[in-house]
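[1] How does the following fold in three dimensions:
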Amino acid sequence: MNNDKKVLPSAEKFASCPYDQEILPYYEGQFDCVYILLHPFCKPTTLDICYRFYAPRDSGSRRPDKHEIIDGCEPVSWQEVLSLSGLESISDIDIGLRTSIGGLVSERENREFSDQLVKLEKLGILLPDEGDLPPLLENRVYEAVKKLGYTWLWVGDEFGTERKLHWIGDLVKTDEIPPHGCIFTHDHKLLVTTHWDSHCSYLCSSREIIEQILESDPFEGFYCTSNTSVFWGLYEI
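    Residues are numbered from 1 along each chain as shown. As a prediction, this is how the structure comes out:
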């Protein structure tokens, strides 16, 4: 009898995401800087796309695709959400979002924060999805990477076991990133990845490159410190 177990090799840092730990220490030796890209809330601007977002799953209505969301929705920043919801910090928003999806143990949940965010639906504002780079950010990221001089990006799965090289111009037109997937450059100097239970993505590179990206497009977010963890809303950022 063959008792050999199939054990995956350790994930390569240039194409992976930490599961539950401090973020910068995870990438030590690969990236010296990580910027947290906050996923914007979403406000549908057409009746059709609004209906399809809210339609019951058994209604047969097709969920909007990437370009329908880009063309038919407006992004709502976390700073705007603070003023609309009455929450005091982006950490409160993070906890509220994680609570809304059951992403925290019960003693760390905050139903009050979650309820305040859910009330935004009365204003036509939808909560961001967890675990994936959202359409309202995706093409902006591609354009920022192109300005650095890159024309190709690797697209990988959550576990780093499958990846495919794509022309950035094609990625703009299509929807190629798998659930909880990542994109990274061929020289392993830049990575964008998303933890499956988080409403943010990690932009990983050198400080110099990230500053160049933020100069071309000021993505809402913040720089990680050595103490910033995957569940950053629960702790000091």
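[2] And the strands in the protein?
    Using DSSP state E, the strands of the chain run over 33-38, 41-44, 73-76, 152-156, 163-167, 182-184, 191-193, 200-205, 221-223.
[3] Put together TSV for these, with mean pLDDT, distance to residue 131 and mean neighbour count on each row.
    Just so you know, the C-beta spots here come from the backbone N, C-alpha and C atoms, and that holds for glycine as well. Converted to TSV, these look like this (pLDDT from 0 to 100; distance: least, Cβ to Cβ, whole Å; neighbours: other Cβ atoms under 10 Å):
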stretch	mean pLDDT	distance to residue 131	mean neighbour count
strand 33-38	99	13	21
strand 41-44	94	15	22
strand 73-76	96	18	18
strand 152-156	98	15	20
strand 163-167	97	18	13
strand 182-184	98	12	25
strand 191-193	98	11	25
strand 200-205	98	10	26
strand 221-223	98	17	17
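[4] Residue 92: which of those strands is closest?
    strand 33-38 (13.0 Å; Cβ to Cβ).
[5] remind me which residues of the protein are low pLDDT?
    Residues of the chain that meet the criterion pLDDT under 70 lie in 1-3, 47, 50-61.
[6] That one - how does it break down into domains?
    Following the TED database, the chain resolves into domains at 23-39+132-234, 41-123.
[7] deepest of those domains, which one?
    Neighbour counts (mean count of other Cβ atoms under 10 Å) averaged over each of the domains of the chain peak at domain 23-39+132-234, with a mean of 18.
[8] Quote the end-to-end distance of that one.
    End-to-end span of domain 23-39+132-234 (Cα to Cα, to the nearest Å): 14 Å.
[9] Could you pull up the contacting residues of residue 139?
    Residues counted as contacts of residue 139 (Cβ atoms under 8 Å, 6 or more residues apart in numbering) are 70, 172.
[10] same check, this time on residue 98
    Contacts of residue 98 (Cβ under 8 Å, 6+ apart): 104, 109, 130, 197-199, 231, 233.
[11] Tell me the one of the residues you listed nearest residue 165?
    Proximity of the contacts of residue 98 to residue 165 (Cβ to Cβ) peaks at residue 198, which lies at 26.2 Å.
[12] Go ahead and confirm the closest one touches residue 129.
    No: Residue 198 is beyond contact range of residue 129, at 10.6 Å (criterion: Cβ atoms under 8 Å).
[13] between these two, what contacts are shared?
    Counting by Cβ under 8 Å, 6+ apart, nothing touches both residue 198 and residue 129.
[14] My guess is residue 237 contacts residue 228. True?
    Yes: with contacts counted by Cβ under 8 Å, residue 237 reaches residue 228, the gap being 5.7 Å.
[15] quick one, helices of the chain?
    Listed in chain order, the helices of the chain (DSSP state H) span 23-26, 47-54, 66-72, 78-85, 90-100, 111-118, 135-146, 168-173, 207-216.
[16] Contacts only, for residue 13.
    26-27, 29-31.
[17] again, only this time at 7 Å
    Residues near residue 13 by Cβ atoms under 7 Å, 6 or more residues apart in numbering: 27, 30.
[18] cool, residue 30 as well?
    Going by Cβ under 7 Å, 6+ apart, residue 30 touches 13-14.
[19] Perfect, I'm done here.
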